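Colleague: kindly return the folded structure for what I paste below:
(one chain, ligands or ions: 2)
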Amino acid sequence: MAVRTSPKWWVRFPLAALSGLLAGFAALAVAELVSAAVRPESGPIVAVGGAAIDRTPAPVKDFAIRHFGENDKLILQLGILATLAALAVVLGLIALRYRRPGSAGVLLFGVVGAGAAISRPDSTGIADALPSIVGAVVAAVLLYWLIGRLTTPAATSDAGTGAGWDRRGFLIAATAAAVASAGAGTLGRHLNDMRGQNAVASRTALKLPAPASPAAPVAAGAQLKIPGISPFTTPNNAFYRVDTALVIPKVDATTWRLRIHGKGVTRPLTLSFQDLLGRKLIERDITITCVSNEVGGPYIGNARWIGVRVADLLREAGVKPPSQGGPADQLVARSVDAMTIGSPVEDVMDGRDAMLALGMNGQPLPFVHGFPVRMVVPGLYGYVSACKWIQDIELTTFDAYDAYWVKRTWAKKGPIKTESRIDTPKPFARPKAGTVMIAGVAWAQHRGIDRVEVRIDDGPWNLADLAAQDTTDTWRQWSYPWKATAGGHTLTVRATDLTGQTQTEKRTSTIPDGASGWHSVFITVT
Ligand SMILES: Nc1nc2c(c(=O)[nH]1)N[C@H]1C(S)=C(S)[C@@H](COP(=O)(O)O)O[C@H]1N2
Ligand SMILES: [Mo]
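Modeller: Residues are numbered from 1 along each chain as shown. Ligands and ions are numbered 1, 2, ... in the order given. Below you'll find the predicted structure:
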């Protein structure tokens, strides 16, 4: 008879914890592999992360955007991973004591992941549960097996040596599990990447046609030559990104379709990308802004967009704006990732250059900015206008339907507030006394900027020099040469738009309809 002497606790506990971690790793790796067969978004981390994003209260989401910026989604996923790792360790320790229930506990995580996956709004059905379920089953079996090596003496072990647990068996099992998981995970990643290949190929093959209505070249006077000022045109790779997508949708332009339907639509349309390319294309400079942009914040950018006027398509579909008796006052855009964004039909059809954009700064849309097609509406915050990866436009009413962010306490309507920002000097800069260039940007999309004023400490307001206004839909650079005197100074800016409205001093939070207030920068002149 073999004497049953388990390893000492300081060996047993860490190895049980390790077993839990290995099981967790195997679950995620297998899930990744299975998700390649279903769809990348069905993986447990993406599904649980997506569910978490949808349930995050507006103030917390705003906090995350403010403090983690565009890393918010990375932080969220790392948080989920860290939580899972801690729970995996606990499960490993439970399984050491109660082998069967502990191992079976892993299945609960499978159920949570599966539940999250099939309840995602873009879920394609029960198959979305597979990655979590298969991953959890594999992990449960693995944990049961590993713990077995820790608690059962090997059949071949020599009872006389006192090596009462299967040290060699555990080592082999653990190593095999780690290697197999790494292999499965890597293969899954690879296959998931390959799924996007058709989309990548369709983007590479795309040659943007010359627009029938081109934009004039940006006036030389719109771009000031001041170091540190935001460039008039924001390069694509520096353009801000705000969305809820944990997996960036990869849509194949050759199979993409856009449906236009709903209230007051007399001729529903289904358009292909080729159809759009065949329409009258317009090219416009438009500055877009996020409602989550704080005073002085970075979530604003200006690009040269090419696209089809939404109003042209709506008229083709028989839609009339409410002012002409149309029954629908809200246009709801839906994306392939089930985002919903509602814009006033009146605004979209009032003659402004609201467009379905296909091109951004001379390139097809980058994937993160909505390839193949997104909406852009001058004058409205992104959450009520700028649907990326769009695939559906439904005409309805504001009474009948609340879009994604409106359900989460944001305002139904979001016209962009008149705002301005000091780009240079930076906060806490230490310039030398003498002439210091204060400069930045001001915006009041679709109304245009009339005047920008700068104040030093509690002094009088001084008119800033304005760069040329490209169009009223773009931001406008400004500068003010200041005779700086030594000491600490607070620099403040405010803008006035062409309707005569001066940017309010009243500080409000970004929720529910965009931040207001004056941007100030404190510096020390040396
Ligand atoms: N599909 C989808 N479209 C979306 C969003 C999103 O989360 N999903 N976010 C909107 C918001 S809040 C903004 S501010 C703009 C940002 O566009 P950008 O990332 O190209 O700068 O996209 C809008 N379109
Ligand atoms: Mo936004």
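
Colleague: got the contact list for the residue nearest to the spatial centre of the chain?
Modeller: For the chain, the residue sitting closest to the mean C-alpha position, by C-alpha atoms, centre = their mean, is residue 243 at 2.5 Å. With contact taken as C-beta atoms under 8 Å, 6 or more residues apart in numbering, residue 243 is in contact with 339, 368, 388. From N, CA and C alone the C-beta is placed, and that goes for glycine too.

Colleague: one more: residue 470?
Modeller: Remark: with contacts taken as C-beta under 8 Å, 6+ apart, residue 470 is in contact with 218, 219, 222, 232, 285, 476.

Colleague: the helices in this protein, which residues?
Modeller: All helices of the chain, identified by DSSP state H, fall at 9-37, 44-55, 58-68, 72-97, 99-118, 130-151, 167-195, 197-205, 273-278, 310-316, 345-348, 404-407.

Colleague: buried ones in the second one?
Modeller: Residues of helix 44-55 classed as buried under the neighbour-count rule (16 or more other C-beta atoms under 10 Å) are 44, 45, 46, 47, 48, 49, 50, 51, 53, 54.

Colleague: the fifth one now?
Modeller: Neighbour-count burial for helix 99-118, with 16+ other C-beta under 10 Å as criterion, is recorded at 99, 102-106, 109-110, 112-114, 116-118.

Colleague: so what's the residue of the chain found nearest ligand 1 closest to, chain neighbours aside?
Modeller: Ranking the residues of the chain by distance to ligand 1 (C-beta to the nearest ligand atom) places residue 382 first, at 2.4 Å. With sequence-adjacent residues excluded and distances taken as C-beta to C-beta, 6 or more residues apart in numbering, residue 382 is closest to residue 290, at 5.1 Å.

Colleague: now do the phi/psi pair for that neighbour.
Modeller: Backbone geometry at residue 290, expressed as degrees, to the nearest 10, gives phi -100, psi 140.

Colleague: quick one on the thing from earlier: buried only: go through the contacts of residue 470 for me.
Modeller: Neighbour-count burial (16+ other C-beta under 10 Å) applied to the contacts of residue 470 gives 218, 222, 232, 285, 476.

Colleague: got JSON lines for those, with pLDDT and distance to ligand 2 too?
Modeller: As requested, the buried ones among the contacts of residue 470 are arranged in JSON lines below (pLDDT from 0 to 100; distance: C-beta to the ion, whole Å):
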{"residue": "218", "pLDDT": "93", "distance to ligand 2": "25"}
{"residue": "222", "pLDDT": "97", "distance to ligand 2": "25"}
{"residue": "232", "pLDDT": "98", "distance to ligand 2": "22"}
{"residue": "285", "pLDDT": "98", "distance to ligand 2": "20"}
{"residue": "476", "pLDDT": "98", "distance to ligand 2": "21"}
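
Colleague: just checking, which helix or strand of the protein averages the lowest pLDDT?
Modeller: For the chain, scoring each helix and strand by mean pLDDT, DSSP states H and E identifies helix 58-68 as the least confident one, at a mean of 82.

Colleague: and the angle from that helix to helix 72-97?
Modeller: Calculated by axes from the mean of the first three to the mean of the last three C-alpha atoms, to 10 degrees, helix 58-68 forms an angle of 100 degrees with helix 72-97.

Colleague: now do helix 58-68: distance to the chain's middle.
Modeller: The chain centroid and the centroid of helix 58-68 are separated by 13 Å under C-alpha atoms, centre = their mean, to the nearest Å.

Colleague: elements contacting that helix?
Modeller: Helix 58-68 makes packing contacts with helix 72-97 when contacts are defined by 3 or more C-beta pairs under 8 Å, 6 or more residues apart in numbering; DSSP states H and E.

Colleague: could you check whether the helix it packs on is close to ligand 1?
Modeller: No. When contact is scored as C-beta under 6 Å from any ligand atom, no part of helix 72-97 falls within range of ligand 1; the minimum is 10.5 Å.

Colleague: what's the answer for stretch 45-64, then?
Modeller: No. Taking C-beta under 6 Å from any ligand atom as the criterion, stretch 45-64 and ligand 1 are apart, separated by no less than 9.0 Å.

Colleague: need the contact list for the residue lying closest to residue 141 once chain neighbours are set aside.
Modeller: The shortest distance from residue 141 to any residue that is not its chain neighbour, by C-beta to C-beta, 6+ apart, is 7.6 Å, and that residue is residue 103. Residue 103 makes contact with 95, 140, 141, 143, 144, 147, according to C-beta under 8 Å, 6+ apart.

Colleague: cool, thanks, signing off.
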